[in-house]
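# Below: sequence and its predicted model.
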Amino acid sequence: MGWVTHTLQEGPPKLYRRALYLPSMAPRRKTRQITLGDDRVGRVKIGGDAPIAVQTMTAGYTHDIDACVAEIERYAKAGADVVRVAVPERKDTDALKEILKQVSVPVVADVHFHYQRALEAIEAGVHKIRLNPGNINDRDQVNKVIDACKERKIPIRIGVNEGSIIERKDKLKRAEELGKFFAGHKSGHMLALMIAKLEEYLDIFDARDFHDVAISAKSMDASMVIDIYTEISQRFDYPLHLGVTHAGPRETGAIRSIAALGTLIANGIGDTLRISYASDHIDEVKDGLELLYSLGKRERKGVELIACPTCGRIQVDLFTLVKEVEKKLMPELELPIKVAVMGCIVNGPGEAEGADVAVFAGDRRGIIYVQGQRVANVPEPEILDRLLHECREFEAKVKRGEAKLGEKVVEIVPPAPIGELGSGADKIRAGLVEKVTVEKVTVEKVTIGKTT
Ligand code: SF4
């Protein structure tokens, strides 16, 4: 973790005339680079100076060709750079040839137990192989896969999982021996086992002079994932495929995955990632991309939606509005327009700072701003359509070169919360305002909670 010093040059108050120490993200760790793909689907680079790639895996059967193609394409459309498929049976590798003719992103064959599936997938033209050292560990078999990949220039991911380490018969004895190296760590023996497994396996690849390799070492424990990847990042220079395995449904899986992967990426570790959920895998792609956008590791594509969490000042059904805006705008707009949907005019402008298009709601109305300029004040039922209209218009303007993203034409000056949206005025008229005296100054107080 590096540190950057910012000095405030001028301006009271005195208290702040001092250096600020802000933590910054560590530079990306240098790794070798692998390339997967072909002329038809394009080529994706992983590692080196390539942007961190987002992957997911199909949930359906690979031998169901049409469904598999549709699933891969759905993920590709959502932004997946690479999609992995399981090939447990011969009929799955048989289907690959046809699948590969129809998809638009590189495909990885996920191989367990049967090395022949890897050879068949390579023959079918797959773009990368994933091998699990926990269940394909016969040296001759691994050599056959390496040779076939070498001939076709196909990379291999060596994917160790905490779960597949368990198969060792001498696990406890081995753990005891190796654990001594990581004695101070709560999962020291498992860390040692996973690293030993990787090293053993990589020796086979080294002996074959095959370095078109990516590695992963996943666990279901987020802190373990941070530790193991930190450790292997210092031992190997192969690109790292990050992931928390068996992370559960999105509700908990997102927190585990983002905690681990976000920490690693902020520390400069990771070249590609897969977030795993026990639910629709489209969310793996969306959340993986959002993580990279949020950390500034990928250039955002499409709308960036800002929405307030709502509070006691809320006067419209904001949650429904946000959902609708997300549903309608996300798939439609291409440019990274910042759209803010805020619940009130009091704090909304400050919270939406930097938005290109913003709506501030109040008293069943919405005031819409485009780059700081007020363009509409509409009743609640019209907010969604008008906001969508303004976003589309703004995008068209940017595309024509008449506006620039992130530029504010004028500062948003929030209207007085009483009167502008009708709320205060109506309340005053309806006698819902009581007079209070504070230090000889008479002010009018709006009674909150009553409706006119
Ligand atoms: S914008 Fe207004 S309603 Fe939304 S959280 Fe902030 S103060 Fe509350």
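That came in fine, so what should we check first?

# Spell out which residues of the stretch 351-452 of the chain are next to the ligand.
Glu351 (C-beta under 6 Å from any ligand atom). To be clear about C-beta, it is placed using only N, CA and C from the backbone, and glycine gets the same treatment.

# got any ranges where the stretch 351-452 of the chain has weak pLDDT?
409-452 (pLDDT under 70).

# which residue does it bring closest to the ligand?
The ligand sits closest to Glu351 of the stretch 351-452 of the chain, with a gap of 5.3 Å, by C-beta to the nearest ligand atom.

# Now do the same contact list for that residue.
306, 308, 340, 342 (C-beta atoms under 8 Å, 6 or more residues apart in numbering).

# and the first one, helix, strand or coil?
Read that as Ile306. Per DSSP: H, G, I helix; E, B strand; the rest coil, the local secondary structure of Ile306 is strand.

# same check, this time on the one 4 residues further on
Three-state assignment for Thr310 (three-state DSSP): coil.

# Dihedrals phi and psi, it?
phi 70, psi 160 (degrees, to the nearest 10).

# Run a quick neighbour tally on Ala207.
11 (other C-beta atoms under 10 Å).

# er, Gly312 I mean
Neighbour tally, Gly312, other C-beta under 10 Å: 8.

# Okay, it and the ligand: tell me how far apart.
According to C-beta to the nearest ligand atom, to the nearest Å, Gly312 and the ligand sit 7 Å apart.

# For that residue, give me phi and psi.
Torsion angles, degrees, to the nearest 10, at Gly312: phi -60, psi -10.

# ok, back up a step: now tabulate the contacts of Glu351 in JSON lines and tack on neighbour count and pLDDT.
Compiled in JSON lines, the contacts of Glu351 are given as follows (neighbours: other C-beta atoms under 10 Å; pLDDT from 0 to 100):
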{"residue": "Ile306", "neighbour count": "17", "pLDDT": "91"}
{"residue": "Cys308", "neighbour count": "20", "pLDDT": "90"}
{"residue": "Ala340", "neighbour count": "22", "pLDDT": "93"}
{"residue": "Met342", "neighbour count": "27", "pLDDT": "91"}
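
# ok, so of these, who is nearest the ligand?
Cys308 (3.1 Å).

# and the closest one, what does it touch?
Contacts of Cys308 by C-beta under 8 Å, 6+ apart are 318, 341-344, 347-348, 351.

# same check, this time on Ile282
Counting by C-beta under 8 Å, 6+ apart, Ile282 has contacts 56, 74-75, 78.

# let's see it at 6 Å
Ala78 (C-beta atoms under 6 Å, 6 or more residues apart in numbering).

# Next: Thr310.
318, 343.

# secondary structure element for Thr56?
For Thr56, the host element (DSSP states H and E) is strand 53-57.

# quick one, whichever helix or strand comes after that strand and strand 53-57 angle?
Downstream of strand 53-57, the first helix or strand assigned by DSSP H and E is helix 65-78. Inter-element angle recorded for helix 65-78 and strand 53-57: 150 degrees (by axes from the mean of the first three to the mean of the last three C-alpha atoms, to 10 degrees).
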